[in-house]
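Visitor: any chance you could fold what I've pasted below:
(one chain, ligands or ions: 3)
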Amino acid sequence: MEELIVITHPEMLPGEAGMINQLLAHGLTRLHVRKPESTAPELRALLKQIDPQFCERIALHQHHALAGEFGITGLHFTETNRLSQSLETLEALKSSGNMLSTSLHDPADLEQLSHCFDYAFLGPVFDSISKKNYKAVLANGFRLERFNFPGKLIALGGIDGTKLDLVASLGFDGVAVLGAIWMNTANTLAEFRVLASALAARPGLKPGGRGIGTGPRLKPGVGGEDSLLRYAAAEAEYPQAKVLDCPQFQPADQEQKYKSGLVDKLHFISNETSNMSHIDSIRLALEAGCQWIQLRVKNRPEDEVLPIAREAKQLCDSYGARLIINDFPRVALAVEAHGLHLGLTDMPVPEARALAGEKIVIGGTANTWEDIVRRVHEGADYIGLGPFRFTNTKQNLSPILGIGGYQTFIHRMRQAGHSTPIIAIGGITLHDIGNLREAGIHGVAMSAALIGATDPQNTYHQIQQALC
Ligand SMILES: Cc1ncc(COP(=O)(O)OP(=O)(O)O)c(N)n1
Ligand SMILES: Cc1nc(C(=O)O)sc1CCOP(=O)(O)O
Ligand SMILES: [Mg+2]
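Guide: Residues are numbered from 1 along each chain as shown. Ligands and ions are numbered 1, 2, ... in the order given. Reported below is the predicted structural model:
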């Protein structure tokens with residue numbers, strides 16, 4: 001069993017687009033946008049906020065006419081909607097490259113189901129978590145009969161992490177979740193990670209298995225199979241190298257696209273002051289909502305950084321967040337950090353890669369065009385490009401780039417065909433993000449703007465919105 005599909009909350013939630021982008025950036029391969037009460041303009045407003053690179057992983061339940069506008073090819077048909085479609089319509093949609101799915105409530109209906117459908121939801125298999133009075137329809141002792149349906153069968157209804165083994169034993173190819181993800185919106189990403197890790201760790205998941213969203217139309221590197229594999233690589237210790245070795249993911253540029261989903265858009269940089277330790281600053285950021293934390297301890301030897309890193313790792317784990325270690329590859333390895341950030345005078349990226357392995361995310365600093373080219377050739381997973389403006393957080397700053405520097409360098413990168421994600425850094429505040437995003441950055445790294453915020457949680461949410 002390998003598929004994990006998330007269905008949106010039926011109502012529009014505050015900050016929902018940000019949460020959706022986060023889920024997709026963290027490896028979600030298929031998102032079903034189901035908003036039964038929403039009008040087309042309301043749905044359009046939501047879709048507009050979703051990063052276009054993710055639209056190929058989306059299926060729409062309502063307002064199919066919006067699909068073309070956003071490059072969405074996934075069309076879902078509710079049971080009623082399916083029954084009112086002619087076979088010709090379904091065949092025409094299918095042959096024009098769409099990926100079709102539908103819902104069934106009676107397993108016997110599979111016998112008649114059109115083979116135009118790539119996958120079908122069947123359920124509710126358990127009493128629903130989110131819908132009261134939505135009771136399980138599958139009888140005790142149920143075992144899935146596929147008839148000749150060639151598509152995937154996805155269990156829906158009442159599924160959480162505790163049910164995966166049972167669902168797999170019933171013969172399903174995957175699960176669709178709603179309540180488990182959206183019941184507590186403060187924990188959406190953490191819940192997804194728990195489910196995805198549990199699924200990836202199941203013995204049935206094999207690197208090379210196909211995922212929904214892997215139709216022949218999908219570009220490698222955008223959702224689908226590689227995204228599923230990416231999640232497995234990141235979460236279940238399948239060697240990422242297997243993905244990158246596969247010829248279909250070459251040249252290097254496709255590889256970079258694949259990498260951009262691995263790198264968060266907001267990096268918090270830890271700091272210490274006379275009344276705040278690194279751990280205090282990390283706790284503040286985690287409580288605000290940050291999910292990507294860089295431990296940046298300066299002017300201390302490795303043996304002093306190691307215990308701080310261990311504590312930071314525990315703390316980040318408890319919030320389902322990722323820890324990146326600045327400057328110290330061996331510390332990153334020792335604490336099993338998610339990533340490592342290297343400066344221009346630190347260990348070169350390939351050396352750190354050889355030391356720390358394929359799984360770890362490695363970012364590298366650049367201050368000039370030549371540095372950018374070096375980082376691209378070194379195979380950095382992202383480039384920390386700065387400084388944007390003067391900051392007290394770092395000593396011995398390189399010359400300020402300003403918005404013009406980012407515009408120029410990102411333009412040159414595009415011309416040269418380089419797509420390594422750029423993380424802007426140095427004195428960045430909430431109000432800079434719009435311009436930086438327009439210049440083409442992938443994300444921002446921030447320290448003082450979050451540590452010094454009067455309401456870090458609110459600042460975090462505004463930053464997330466601005467990054468969408
Ligand atoms: C995301 C990100 N980008 C750049 C830096 C700067 O790293 P470095 O050049 O190694 O300088 P120090 O941070 O070590 O002073 C970073 N830390 N993070
Ligand atoms: C760690 C770091 N590196 C920079 C670079 O230009 O390479 S600027 C910087 C400090 C980032 O913190 P703040 O958001 O408080 O300015
Ligand atoms: Mg450094």
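
Visitor: quick one: residue 274 from ligand 1, how far?
Guide: Distance of residue 274 to ligand 1, computed by Cβ to the nearest ligand atom, to the nearest Å: 20 Å. C-beta here means a position set from N, CA and C on the backbone, and glycine is covered the same way.

Visitor: that residue: how many residues sit nearby?
Guide: Residue 274: 4 surrounding residues under other Cβ atoms under 10 Å.

Visitor: ok, the one 3 residues further on next?
Guide: Residue crowding around residue 277 was assessed by other Cβ under 10 Å; the count is 14.

Visitor: can you pull the pLDDT of it?
Guide: Per-residue confidence (pLDDT) for residue 277: 98.

Visitor: domain ranges for this structure?
Guide: 3-200, 254-467 (automatic domain parsing).

Visitor: can you list the weak-confidence ranges in the stretch 251-400 of the chain?
Guide: By pLDDT under 70, the low-scoring segments of the stretch 251-400 of the chain are 251-261.

Visitor: is whichever helix in the chain runs longest positioned near ligand 3?
Guide: If you go by DSSP state H, the chain has its longest helix at helix 302-318. No: if you take Cβ under 5 Å from the ion as the test, helix 302-318 misses ligand 3, and the best it gets is 11.7 Å.

Visitor: is ligand 1 contacted by that helix?
Guide: No: with Cβ under 6 Å from any ligand atom as the criterion, ligand 1 is not reached by helix 302-318; the gap is at least 11.7 Å.

Visitor: how about residue 297, secondary structure?
Guide: coil (DSSP: H, G, I helix; E, B strand; the rest coil).

Visitor: check contacts around it.
Guide: Residue 297 is in contact with 270, 272, 278, 304-305, 308, 326-327, counting by Cβ atoms under 8 Å, 6 or more residues apart in numbering.

Visitor: ok, and the closest non-adjacent residue to it?
Guide: Of all residues not flanking residue 297 in the chain, residue 305 sits nearest, at 4.8 Å (Cβ to Cβ, 6 or more residues apart in numbering).

Visitor: was I right to think the one you found contacts residue 329?
Guide: No: checked against Cβ atoms under 8 Å, the pair residue 305 and residue 329 is beyond contact range at 11.5 Å.

Visitor: give me the buried positions along stretch 8-18.
Guide: Buried positions in stretch 8-18, judged by neighbour count with 16 or more other Cβ atoms under 10 Å: 8-10, 13, 15-18.

Visitor: distance from the chain centre to stretch 165-182, please.
Guide: 20 Å (Cα atoms, centre = their mean, to the nearest Å).

Visitor: quick one: terminal-to-terminal distance for it?
Guide: 22 Å (Cα to Cα, to the nearest Å).

Visitor: may I see the buried residues of that stretch?
Guide: Within stretch 165-182, the residues that qualify as buried are 167-168, 170, 172-182, counting by 16+ other Cβ under 10 Å.

Visitor: which ones are touching residue 360?
Guide: 332-333, 337-340, 353.

Visitor: ok, and which of the buried residues of stretch 8-18 reach ligand 1?
Guide: Answer for these near ligand 1: none qualify (Cβ under 6 Å from any ligand atom).

Visitor: farthest-apart pair in these, please.
Guide: 10 and 18 (18.4 Å; Cβ to Cβ).

Visitor: follow-up on the earlier one: ligand 2 is nearest to which of the domains of the chain?
Guide: domain 254-467 (2.9 Å; Cβ to the nearest ligand atom).

Visitor: picking that back up, inside helices: which ones of the contacts of residue 360?
Guide: 332-333, 353.

Visitor: okay, strands next: where are they in the stretch 251-400 of the chain?
Guide: Secondary structure of the stretch 251-400 of the chain (DSSP state E, counting those that start in this stretch): strands at 266-269, 292-295, 322-326, 339-342, 361-366, 382-385.

Visitor: near ligand 1, which residues of the chain are found?
Guide: Counting by Cβ under 6 Å from any ligand atom, the chain sits next to ligand 1 at 267, 269, 294, 296, 298, 326-327, 341, 343-344, 346, 363, 365, 384, 386, 394, 423, 425, 445.

Visitor: I figured residue 291 hits residue 22, correct?
Guide: Yes: counting by Cβ under 8 Å, residue 22 is a contact partner of residue 291 at 7.2 Å.

Visitor: who touches both of the two?
Guide: 189, 264.

Visitor: if we can go back for a sec, and the residues of the chain next to ligand 1, which are buried?
Guide: Neighbour-count burial (16+ other Cβ under 10 Å) applied to the residues of the chain next to ligand 1 gives 267, 269, 294, 296, 326-327, 341, 346, 363, 365, 384, 386, 394, 423, 425, 445.

Visitor: that's all I had, so thanks and see you.
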